[in-house]
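S.K.: just coords:
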């Protein structure tokens, strides 16, 4: 299944760990706090559980994981000025 | 149509204007840089055009607008710790 995962996490350390976890599961960063990619149902469940555990002691955090249909993907609007993937390679 | 709009915008002024524009079109903030809501196809087109114009001189900016299916909405995973809507009412 294709998913978009977005997060808003207060603590830098937890935000970094969340970003790294998304990469570990093969998701690709599309914005600073947004990852996209294909993931199996099992790994989707596993990632969800691990994020819940990781963030349970967070001061303030939100993660939203949207499954995306093929129709949705074919109709995404992308407005992009001087914004490329390597823009945030170093910003975790 | 239901949409999720996420953005990553360098300039504070443009980011504020983008957030206000999303509110003007009736979208609801679900995370600091993410808005969700119902919007007609016409207004979706209008909002897209206005954001392209607003951000055209931006140093670095990205806006992604995902149409969301009912199935997607029914299967959103929400991981939330101490995170409520009024969390960011004042942070534009």
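M.R.: Cool, got the structure. A quick note: this is a predicted structure, and the numbers were derived from the prediction, not measured.

S.K.: Can you pull out the residues in contact with the longest helix belonging to chain A?
M.R.: Counting residues, the longest helix found in chain A (DSSP state H) is helix A:41-55. Applying Cβ atoms under 8 Å, 6 or more residues apart in numbering or on different chains, the contact partners of helix A:41-55 are A:1, A:3, A:9, A:14, A:17-18, A:21-22, A:25, A:39, A:61, A:63, A:65, B:77, B:79, B:81. For glycine as for every other residue, the C-beta is placed from the backbone atoms N, C-alpha and C.

S.K.: try 7 Å
M.R.: A:1, A:3, A:9, A:14, A:17-18, A:21, A:25, A:39, A:61, A:63, A:65, B:77, B:79, B:81 (Cβ atoms under 7 Å, 6 or more residues apart in numbering or on different chains).

S.K.: So stretch A:6-22, near chain B or not?
M.R.: Yes. Against chain B, stretch A:6-22 shows contacts by Cβ under 7 Å from any Cβ of the partner chain at A:6, A:8.

S.K.: tell me which residues in that stretch are buried?
M.R.: Buried positions in stretch A:6-22, judged by neighbour count with 16 or more other Cβ atoms under 10 Å in any protein chain shown: A:6-9, A:14-15, A:17-19, A:21-22.

S.K.: before we move on, what about stretch A:45-53?
M.R.: For stretch A:45-53, by 16+ other Cβ under 10 Å, it's A:47, A:51.

S.K.: about what we covered before: mind putting the buried residues of stretch A:6-22 into JSON lines with secondary structure, distance to residue B:29 and pLDDT?
M.R.: Output for the buried residues of stretch A:6-22, formatted as JSON lines (DSSP: H, G, I helix; E, B strand; the rest coil; distance: Cβ to Cβ, whole Å; pLDDT from 0 to 100):
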{"residue": "A:6", "secondary structure": "strand", "distance to residue B:29": "12", "pLDDT": "98"}
{"residue": "A:7", "secondary structure": "strand", "distance to residue B:29": "15", "pLDDT": "98"}
{"residue": "A:8", "secondary structure": "strand", "distance to residue B:29": "10", "pLDDT": "97"}
{"residue": "A:9", "secondary structure": "strand", "distance to residue B:29": "16", "pLDDT": "96"}
{"residue": "A:14", "secondary structure": "helix", "distance to residue B:29": "21", "pLDDT": "97"}
{"residue": "A:15", "secondary structure": "helix", "distance to residue B:29": "19", "pLDDT": "97"}
{"residue": "A:17", "secondary structure": "helix", "distance to residue B:29": "25", "pLDDT": "97"}
{"residue": "A:18", "secondary structure": "helix", "distance to residue B:29": "20", "pLDDT": "98"}
{"residue": "A:19", "secondary structure": "helix", "distance to residue B:29": "22", "pLDDT": "98"}
{"residue": "A:21", "secondary structure": "helix", "distance to residue B:29": "25", "pLDDT": "98"}
{"residue": "A:22", "secondary structure": "helix", "distance to residue B:29": "22", "pLDDT": "98"}
